[in-house]
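Visitor: could you work out the structure for the sequence below:
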Amino acid sequence: MHKLIMLSASYQMDSRVDDAVYEADPINDLFSRFDPRRLTAEEVRDTILMTNGTLNPEMGGPGVYPKMPEEVLATSSRPEDAWGESSPDQAARRSIYIHAKRSLLNPLLTSFDLADTDLTCPVRFITTQPTQALTMLNSDFINEQAAIFAQRLLAEHDSLESIVSHGLELTLLRQPTSEETAEGVRLIGDLQQLDGRDRDDAVACFCLVLLNLNEFVYLD
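Guide: The predicted structure is shown next:
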């Protein structure tokens, strides 16, 4: 049944629609198009790791312990014993394998509507909140992953045009336009010339921008 559904024309549609189809099915009751959706909490984290090349696809085994922010650990009565420690390779496994401790939840996942571990959850409610944007811009995890992404691009390419083009391709899963590439090159140049950043730091900032694009966190 899953195969039948996933290979159907309805399942494989994207969100683009012409005027005639929209007029006939304005609220998509007839499944004439795909309804755009934001990635789930786990998908956001896993997609970031996949994009920068660090996702560990290993399956099974006990839960893993990605680094937990100090401010979260500080809420525990015994911060030094509150959370385990996994190797970087194990910490980069899919989010479904993160150890679930009700009193210490991953802040990135909770920002993006992780299911409440105290209650049954037949369906998740999707919210749009300022804390999500703040987390994606300012959290240590996101900035660390952006820096890793930048090092990957810098190791694979010499020219800024190639770095920008490949970065856009990896995050958006499509070929970037020439205008998008030029805008990315201009941003990196401005960060170097106007903000005094070195090349590595400027590319890391560019990668942070990529991870914050709507097209990165929404499926359409």
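Visitor: okay, how far is it across stretch 149-164, tip to tip?
Guide: Length of stretch 149-164, first residue to last, C-alpha to C-alpha, to the nearest Å: 12 Å.
Visitor: to the chain's geometric centre, what's the distance from that stretch?
Guide: Here stretch 149-164 is found 19 Å from its chain centre; the criterion is C-alpha atoms, centre = their mean, to the nearest Å.
Visitor: quick one: contacts of that stretch?
Guide: 51-53, 166-167, 170, 176, 181, 184-185, 188-189, 199-200, 203-204, 206-207, 210-211 (C-beta atoms under 8 Å, 6 or more residues apart in numbering). The C-beta positions use only the backbone N, C-alpha and C, and glycine is treated the same way.
Visitor: mind redoing it with 7 Å?
Guide: For stretch 149-164, contacts defined as C-beta atoms under 7 Å, 6 or more residues apart in numbering pick out 51-53, 166-167, 181, 184-185, 188, 200, 203-204, 207.
Visitor: selecting buried members of those in ChimeraX, what would you type?
Guide: Here is the ChimeraX command that picks out the buried ones among the contacts of stretch 149-164, judged by 16 or more other C-beta atoms under 10 Å:
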select :51,52,166,167,181,184,185,188,203,204,207
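Visitor: in a markdown table: the contacts of stretch 149-164, plus distance to Ser111.
Guide: Formatted as a markdown table, those follow (distance: C-beta to C-beta, whole Å):
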| residue | distance to Ser111 |
| --- | --- |
| Thr51 | 18 |
| Asn52 | 19 |
| Gly53 | 24 |
| His166 | 28 |
| Gly167 | 24 |
| Thr181 | 31 |
| Gly184 | 26 |
| Val185 | 31 |
| Ile188 | 28 |
| Asp200 | 28 |
| Val203 | 26 |
| Ala204 | 21 |
| Cys207 | 20 |
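Visitor: which of the contacts of stretch 149-164 fall within helices?
Guide: Counting by DSSP state H, those place Thr51, Asn52, His166, Gly167, Thr181, Gly184, Val185, Ile188, Asp200, Val203, Ala204, Cys207 in helices.
Visitor: taking the contacts of stretch 149-164 together, which two end up most distant?
Guide: Spatial extent of those (C-beta to C-beta) is set by the pair Gly53 and Val185 at 22.1 Å.
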